[in-house]
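Enquirer: Here's a sequence, model it:
(one chain, ligands or ions: 1)
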Amino acid sequence: MANLQMKEAALVYLDRSGGLQKFMDDCKSYNDSKQSYAVYRFSVLVNPSDVVELDAELGNHILHHPLKAAQVFQSVCFVAVKTLSLIGQLQTETQISIVLKLTHLPALPSYSLDLCEFPLSYTSRRFYTMQGIVIAMTTVTKYTQGARFLCSDEVCPLSKGFQYIRVHVPGATESATVRNDFLCRLCASSLQEDRKFRVLGDKQIVEIITTKALHAFQGDCKKQPFRYQSLSIFLRVSLRCSMLVFRCERGIKGEKGLSQNAVLIQCASLASELQELPASPLDHLALRLQNFCHFYFLSVPSGISDNFRCLLSLTSASCWKFTAVLANVFASQIIPPGTYNLLKLCLLMSLVQTSNGNRDPQDCLDILIITSDTLLVDRLLNYSMNLVSRGIRHPVSTEVFPTVSRNKYGTGAVSIQAGSALLAKGGVCFIGDLTSHKKDKLEQLQSVLESRSITVFIPGKKFGDDIDQQMTFPVQCSFWSFVDMDSSSRRTVQKTSALIGQMDCSLIPANLVEAFGLLINCNESSPCHPLLPTVQHTLKKAMEPEGLLYLASQEFTTEDFQKLLAFAQNLNIEFSLEAERMIHGYYLASRRIRADSIHGSKLSASALKYLVSLSEAHARLNLRNKVLKEDVLIAALLFEMSLTLKYGASAFCVAPNALFPFELYNEEYLEQRDLYLTQCQQQLQQFIATCGPGTALFSTDE
Ligand SMILES: [Zn+2]
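Expert: The predicted model follows:
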């Protein structure tokens, strides 16, 4: 009786939710195809809250005994097929396979699975939600969803018809579906599969780790050693659904695992969303891969601290003072205020250009630092990287870019491990000393910096496949790296620079240096490096590691900076017309002046993107949503300083200390700096007027 009542409720629910209409449409396409299958699959979208309200028992079944609930829907659907003659070919109820797709699960702790809490519940065969970071995924392979078996004895009545249907159920191994030792229950002859009725589905295995595991990549050596184990998830849902797993980053686990740490997940998805996806499997794959490694971000409070608010209003008359003070006091936990201000400004600008949303990957600001002070620079970068949601310090023992290997599940699929760069999606990937990477890896890095994507080749021969495959992943992070100029072995090969201001970068391939948007010189001899405060800082830190050395560290805490950056990252930026003109003017003038008749211009087309990104970053850091020509000036100065290090000085002569010409101690100095920068602005305009061709007009061909 209870079962009958549930079936009635299921029918009422299907009717009310529009599920019945969808089911009939699906039946129609099966019927129209005239093809006969062992199994006819239907997905039913279920909103558990609605069902619970309609019939508590059915609701309870869906949430806690989904396989039984699917059976209820199965028999309702079979009755519908028969009474309405929906599919002519369909003969038995077992040929109907129902996949329940839940819109959501109750927001209660018992419905979510914390990957850190062991042991996981392997015995309950129901749905859970879980969250994590995808660190590896396999290619998509086929598995048997359903098969038809026939009795091998021709006189047996079961040698015909659809009496022996095997359907893959969630959590089962594939050998449970198709085997050769099944016997006829009537005559005990062996059963044989009728292969032309076999129904294949797509399968993919992804490895996920808990978001807490990100600490492992943040390079904090003070933390205790730890170990995170990845969890293998078998996606057996259709391509369209597993796509959504990545898109919404939400999987609902159902049923018992395949092996001890493998669970099968089913996806709660909205049919309307699915229909927007392109049709070909390759497109699905491409789309899914784009979402590789996306993960949940905890909501970051976007409020700005009172001290920053106050500072902003005090400096509101100037476009340069606020960011100057920010750079000055930033990371006072690591280095004394006033040290390496130029580098700190660039780091802040790079940080605000990261985004966990879907911003253009071209917005990234990569930084290469030439330094003899690797210890402090390394510490500073490590500290800065951790201020955004995803800062990954590349561990030396692993790969920066995705690698391909045979997967360990014996499914013939190829496993792709993410690598640091993809894990850093929407954040910063700090790859340490550039010269510690091998030549071929540097070539790979250069191509990634230029194209913002990485293509992984999967040679068919090597992995037992007929065809070669390749997959392309977008690389959406900013790369930070440094080169140690102080290593004694390198000193010997250094040559004297031929051009004023040019750095000897012969250690690194010139094209790679070019690919980094910003090259920064950060040495004791460079500006902004008062030696004495650094020594004092180091000594004080050694005596009192946790002590706050400066007032600035109290007034502007690490957390304050985190909030400020989060706020700035989310600003929608637009360009003022004069800012746009100035960027183009400087770009064209610079291209022209750094060109020779043989090699053409030294400036690549990406220079324009960097200038745009730098200008945008400075406006963002000012918490403004409009880029002004003052922001473009900072961008142009930074870029020109970088060009000077690469190729020597040009007609737009920029001093190495142009951004911080004086030490910043009080308001008077800030005022002087503003005056100095105003002069620079005039010089820039002069430079554009004399060297840029037709700069008043927007030149589209360049
Ligand atoms: Zn038989």
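Enquirer: what's the helix or strand for the nearest residue in space to P509 that is not next to it in sequence?
Expert: Nearest non-adjacent residue to P509, counting by C-beta to C-beta, 6 or more residues apart in numbering: L442, 6.6 Å away. The way it works is simple: take the backbone N, C-alpha and C, and place the C-beta from them, glycine included. Assigned by DSSP states H and E, L442 belongs to helix 439-451.
Enquirer: Return the set of buried residues in that helix.
Expert: L442, Q444, L445, Q446, S447, V448, L449 (16 or more other C-beta atoms under 10 Å).
Enquirer: what about the residue nearest to P509, distance to T455?
Expert: Computed with C-beta to C-beta, to the nearest Å, the distance linking L442 and T455 is 17 Å.
Enquirer: Over to F322?
Expert: 42 Å.
Enquirer: So these two - more neighbours on which side?
Expert: Higher neighbour count among F322 and T455: F322, with 21 against 13, using other C-beta atoms under 10 Å.
Enquirer: Who are the contact partners of that one?
Expert: L311, L312, T315, S316, L621, N622, L623 (C-beta atoms under 8 Å, 6 or more residues apart in numbering).
Enquirer: Now, of the residues you listed, which are buried?
Expert: Among the contacts of F322, the ones that count as buried (16+ other C-beta under 10 Å) are L311, L312, T315, L621, N622, L623.
Enquirer: can you put these in JSON lines and add pLDDT?
Expert: Output for the buried ones among the contacts of F322, formatted as JSON lines (pLDDT from 0 to 100):
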{"residue": "L311", "pLDDT": "88"}
{"residue": "L312", "pLDDT": "89"}
{"residue": "T315", "pLDDT": "89"}
{"residue": "L621", "pLDDT": "95"}
{"residue": "N622", "pLDDT": "94"}
{"residue": "L623", "pLDDT": "93"}
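Enquirer: what subset of these is also close to the ion?
Expert: Near the ion, taking C-beta under 5 Å from the ion as the test, no member of the buried ones among the contacts of F322 is found.
Enquirer: Report the secondary structure state of the nearest residue to F330 once chain neighbours are set aside.
Expert: Closest residue to F330 apart from its sequence neighbours, by C-beta to C-beta, 6+ apart: K344 at 4.6 Å. Put simply, K344 is helix when judged by DSSP: H, G, I helix; E, B strand; the rest coil.
Enquirer: so how many other residues sit close to K344?
Expert: 25.
Enquirer: What residues does this structure have near the ion?
Expert: Residues of the chain lying close to the ion (C-beta under 5 Å from the ion) are C151, D153, C156, L158, C184, L186, C187, S189.
Enquirer: Now list the buried members of those.
Expert: Buried members of those, scored by 16+ other C-beta under 10 Å, are C151, D153, L158, C184, S189.
Enquirer: residues in contact with the last one?
Expert: The reference is to S189. C151, S152, D153, C156, L183.
Enquirer: repeat for L54
Expert: Contacts for L54 (C-beta under 8 Å, 6+ apart) come out as A9, V12, Y13, R16.
Enquirer: try 6 Å
Expert: Neighbour list for L54: A9, Y13 [criterion: C-beta atoms under 6 Å, 6 or more residues apart in numbering].
Enquirer: do N31 as well
Expert: Counting by C-beta under 6 Å, 6+ apart, N31 touches I87.
Enquirer: go on, the one 3 residues further on?
Expert: Under the criterion of C-beta under 6 Å, 6+ apart, K34 has no contact partners.
Enquirer: What sits closest to R185 if chain neighbours are left out?
Expert: L158 (7.9 Å).
Enquirer: repeat for I392
Expert: The shortest distance from I392 to any non-neighbouring residue, by C-beta to C-beta, 6+ apart, is to A424 (4.0 Å).
Enquirer: returning to that earlier point: okay if I get the residues of the chain next to the ion as JSON lines plus pLDDT and distance to V475?
Expert: Formatted as JSON lines, the residues of the chain next to the ion follow (pLDDT from 0 to 100; distance: C-beta to C-beta, whole Å):
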{"residue": "C151", "pLDDT": "94", "distance to V475": "56"}
{"residue": "D153", "pLDDT": "93", "distance to V475": "61"}
{"residue": "C156", "pLDDT": "93", "distance to V475": "61"}
{"residue": "L158", "pLDDT": "92", "distance to V475": "57"}
{"residue": "C184", "pLDDT": "93", "distance to V475": "57"}
{"residue": "L186", "pLDDT": "91", "distance to V475": "61"}
{"residue": "C187", "pLDDT": "93", "distance to V475": "62"}
{"residue": "S189", "pLDDT": "93", "distance to V475": "58"}
